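Engineer: quick one, structure for this:
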Amino acid sequence: FLSTKTAFLVLKGYHFFFTITMIHSFALFVIFLLFIHIFPYNRIKRKGIRIGASVSSVCLSVLIVLQFGNIKAETFDLNGVSRNGLFLNFCKLFEQLRIDKPEEYSLDLVEQIATPYVLESKVNPEDTNHSDIIVIMNESFADFDCLGNGLQTNQNVIPFVKSLTENTIRGYALSSVFGGGTPNSEYEVLTGNSLMFLPNGVIPYQQYLDGSVYSMVSVLKDLGYKTIGMHPFRPGCWQRSRVYPLLGFDETYFVNDFPQKDLMRSFVSDQEMYDFLLTKYKESINAEEENVFIWSVTMQNHGSYDVSFSESDLLYQRENWEININNWNGEGYQEAEQYLTCIHESDNAIKYLIEELKTIDRNITVLFYGDHHPKLSNEFYEMVHNGEFDTLDEKQKQYIVPFFIWTNYESEENTIDLTSLNYISSYLFGNLSI
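Structural biologist: As a prediction, the model looks like this:
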């Protein structure tokens, strides 16, 4: 229910159609309504039948209550509705929304456990010579090489991101979401918290953030940074316009603040967002702001990937699609090529941004990461993987996203085989010039 507004905001990018199962279900529902209208309970004349029906209803209700605790609820995308039914699954999930404090939990105990792992801070709040920070969460940006070697394309899909090594920490991280759930990846990086400790299927932005939040933003704000958040989509999407000030952002920018002249699939392109980002960054440093932190979430690669385009769109003509799949013509073939072309353009755009930042005479650190894999057909993923995702290790590969931390000054170079999104801010802070 809390996500209804967001669903309507992105609805135009998706196609809705009725399946035969939906039609059958609707027909049965209508028949059921007609039946209870024709044979209402209060019209049953025989007392014995009425008593029997009442006793049966009570017994059935008691049986359901007794079994309620044994039912395993799952979110919609994990087929909980098809197993338990809509109403029962909803009630079971509703039960999980409350987060109970762990037994024997106390702040003193947390500090006691954490003390051996806390290093003395190298950051001096009095020092204003920190690196400026730009974080880019790139929508649905994935590296399919993590899944297997089944994908063959006419050219490298993300050549710049995969080649970046100088003054760079690069690697892969596990996201908590697949095919959607962008605000949860955002939440994990900004707060350092893992969704592991929250109920399945929740969106923390909507359910749990209702006051000031300790985050990457608040830490940098305490160090004197000007904090800017931007996302070229509607401010009401996932309640970002309400949440960003709680996280500590001084300024926020949404789609109506952008020129919207450089569109890709009707979304503001990464290129346009980076131009806007550079403008705001240069305005801040020209105003002699001591340090600047910019958080940006792209929109270009958002699903669905079967939409038509206006003539002003960069992908209006299919012959403009730069990535072609050489070895597959299965379900969702064009959707997959459209997506791959989009992230190829994202790769070109981040190259442009990095080259621009190299010309600025200030220390700058860039964190770039993908939020989750795109929602494409199972057939496509199995082609890339060379088979089904049967084991836990194989399924985990669908949650691996690339990231890198680049600086325009000399810094540590390293490769991280695998971490988690809620940890990559630690690599960022560890690499800052101070």
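Engineer: if we ignore the residues flanking it in sequence, what's nearest N348?
Structural biologist: Leaving aside its sequence neighbours, N348 sits nearest to F160 (C-beta to C-beta, 6 or more residues apart in numbering; 7.2 Å). Just so you know, the C-beta spots here come from the backbone N, C-alpha and C atoms, and that holds for glycine as well.
Engineer: after the helix or strand where that neighbour lies, next one along is what?
Structural biologist: For F160, the enclosing helix or strand under DSSP states H and E is helix 159-163. The helix or strand immediately downstream of helix 159-163 is strand 168-174, counting by DSSP H and E.
Engineer: what angle sits between the helix or strand following that next one and strand 168-174?
Structural biologist: Remark: after strand 168-174, the chain's next helix or strand is helix 182-191, criterion DSSP H and E. Here helix 182-191 runs at an angle of 130 degrees relative to strand 168-174 (axes from the mean of the first three to the mean of the last three C-alpha atoms, to 10 degrees).
Engineer: V135 belongs to a strand?
Structural biologist: Yes - counting by DSSP: H, G, I helix; E, B strand; the rest coil, V135 is part of a strand.
Engineer: so where do the strands sit in the stretch 51-200 of the chain?
Structural biologist: For the stretch 51-200 of the chain, applying DSSP state E, counting those that start in this stretch gives strands covering 132-138, 168-174.
Engineer: buried stuff in stretch 207-226?
Structural biologist: If you call a residue buried by 16 or more other C-beta atoms under 10 Å, then stretch 207-226 has these buried ones: L209, V213, S215, M216, V217, S218, V219, L220, K221, L223, Y225, K226.
Engineer: report the separation between the two terminal residues of it.
Structural biologist: For stretch 207-226, the first-to-last residue distance is 28 Å (C-alpha to C-alpha, to the nearest Å).
Engineer: what residues does that stretch touch?
Structural biologist: Contact with stretch 207-226 is made by 2, 97, 99, 123, 125, 128, 130, 133, 135, 189-192, 198, 202, 227, 229, 243, 246-251, 284, 289-293, 295, 425, as judged by C-beta atoms under 8 Å, 6 or more residues apart in numbering.
Engineer: shaky segments in the stretch 301-434 of the chain?
Structural biologist: 307-312, 314, 316-317, 433-434 (pLDDT under 70).
Engineer: can you show me the strands along it?
Structural biologist: Under the criterion DSSP E, counting those that start in this stretch, strands of the stretch 301-434 of the chain are mapped to 364-370, 400-407, 414-420.
Engineer: would you turn these into TSV with mean neighbour count and distance to G332?
Structural biologist: Converted to TSV, these look like this (neighbours: other C-beta atoms under 10 Å; distance: least, C-beta to C-beta, whole Å):
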stretch	mean neighbour count	distance to G332
strand 364-370	24	20
strand 400-407	22	21
strand 414-420	13	28
